[in-house]
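1. Let me see the structure of the following:
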Amino acid sequence: MPVLTQPPGMGDVLKYEVNPNYTREVITLAQGMPYPVGSVLGQITASGKYKLATSGGADGAETAIAVLLYAVDATLADAIGIVLRRGPAIVAKTALIFDATVSDAAKVATKHTQLNAAGIVPRDGV
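-> Numbers count the residues shown, from 1 in each chain. Predicted coordinates for the structure are as follows:
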């Protein structure tokens, strides 16, 4: 019998939120890549669009402020996505996806702290 593998979903990332009408927002993701569920996002100051939160840079996206709840393909054009934008909310640390520049434990911890500031609490073992 073949083994079926299901891709990660919102339930793998989001473990608790106080009220979806308050914590979620519809946003525009910047063109250039497919964004997987759990992507940790920052907002580009000049355009207001979101992209993976980087570790460095000066476009505004270096601050993690949101977590993508559903996978979105923005490879060819800007795309609409639904994000967890504010808390109180809890997300699973192991399900979060970071930009390649967030490459060590200290940088990941910085992104976790930034999400905490937005009321989005990354936790182990949830």
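
2. Around residue 72, how many other residues sit close by?
-> By the criterion of other Cβ atoms under 10 Å, residue 72 has 20 neighbours. Where C-beta positions appear, they are placed from N, C-alpha and C, glycine not excepted.

3. what residues are up against it?
-> 29, 34-35, 79-81 (Cβ atoms under 8 Å, 6 or more residues apart in numbering).

4. Quickly check those residues for the two that are furthest apart.
-> The largest separation in those, counting by Cβ to Cβ, is between 34 and 80 at 14.0 Å.

5. in the chain, which helix has the most residues?
-> In terms of residue count, the longest helix belonging to the chain (DSSP state H) is helix 105-117.

6. What average pLDDT does that helix get?
-> Averaging pLDDT along helix 105-117 gives 97.

7. go on, stretch 72-85?
-> Averaged across stretch 72-85, pLDDT comes to 98.

8. Likewise for stretch 33-49?
-> Stretch 33-49 carries an average pLDDT of 97.

9. Could you shift the numbering so residue one becomes 228, and keep it that way?
-> Sure, I'll start counting at 228 from here, so that last one is stretch 260-276.

10. so how far is that stretch off the chain centroid?
-> Relative to its parent chain, stretch 260-276 has a centroid offset of 7 Å by Cα atoms, centre = their mean, to the nearest Å.

11. Stretch 306-313 too?
-> Stretch 306-313 sits 8 Å away from the centroid of its parent chain (Cα atoms, centre = their mean).

12. I'd like to know how many residues surround residue 249.
-> The tally of other residues near residue 249 (other Cβ under 10 Å) stands at 13.

13. ditto for the one 5 residues further on
-> Residue 254: 19 surrounding residues under other Cβ under 10 Å.
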